[in-house]
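1. predicted model and sequence below, questions to follow.
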Amino acid sequence: MFFGKIEEIDDLISFEASTVKDLHKSFEEAVDDYVELCKKAGKEPLKPAKGSFNIRISPELHRKAIHTSKQMHLNLNQFVQQAIEQAVAAY
């Protein structure tokens, strides 16, 4: 038996099937059902992003990031945002 779960949403959506072909169909049905339920409830299907999050890095990397951001005349948030933007664009 194959099982699947849809990530990055607030609700739990899972699906299952005994073959890969049926799993694909089960996934599509689960998504269609979820989108329809969201429409009826008047809510967005995706998990909202707040725009803030906590990260854990080594103290050495943290210190280097602070130093580099100061050299670039940016605050640490601006520096991290630029680094993420560049990484996402390159992906």
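-> That came through, no problem.
2. contacting residues around the host helix or strand of Glu60?
-> When elements are defined using DSSP states H and E, Glu60 is found to belong to helix 59-71. With Cβ atoms under 8 Å, 6 or more residues apart in numbering as the contact definition, helix 59-71 has outside contacts at Ile57, Asn75, Leu76, Gln78, Phe79, Val80. Placement of C-beta: from N, CA and C, glycine included.
3. in helices only, show me the residues you listed.
-> Judged by DSSP state H, the contacts of helix 59-71 include Leu76, Gln78, Phe79, Val80 as members of helices.
4. buried subset of those?
-> Buried by 16 or more other Cβ atoms under 10 Å: Phe79, out of these.
5. okay, the ones in helices among the contacts of helix 59-71 in TSV with pLDDT and distance to Ala90 next?
-> As requested, those are exported to TSV (pLDDT from 0 to 100; distance: Cβ to Cβ, whole Å):
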residue	pLDDT	distance to Ala90
Leu76	96	21
Gln78	97	19
Phe79	97	17
Val80	97	16
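6. how about the ones in helices among the contacts of helix 59-71 in JSON lines, adding distance to Lys21?
-> Converted to JSON lines, the ones in helices among the contacts of helix 59-71 look like this (distance: Cβ to Cβ, whole Å):
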{"residue": "Leu76", "distance to Lys21": "49"}
{"residue": "Gln78", "distance to Lys21": "48"}
{"residue": "Phe79", "distance to Lys21": "48"}
{"residue": "Val80", "distance to Lys21": "43"}
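7. quick check, nearest of the ones in helices among the contacts of helix 59-71 to Gly4?
-> Val80 (32.9 Å; Cβ to Cβ).
8. gap between that closest one and Ala65?
-> Look at Val80 and Ala65: by Cβ to Cβ, to the nearest Å, they are 7 Å apart.
9. now do the same contact list for Ile55.
-> The neighbourhood of Ile55, defined by Cβ under 8 Å, 6+ apart, contains no residues.
10. is it true that it lies in a strand?
-> No - assessed by DSSP: H, G, I helix; E, B strand; the rest coil, Ile55 does not belong to a strand; its assignment is coil.
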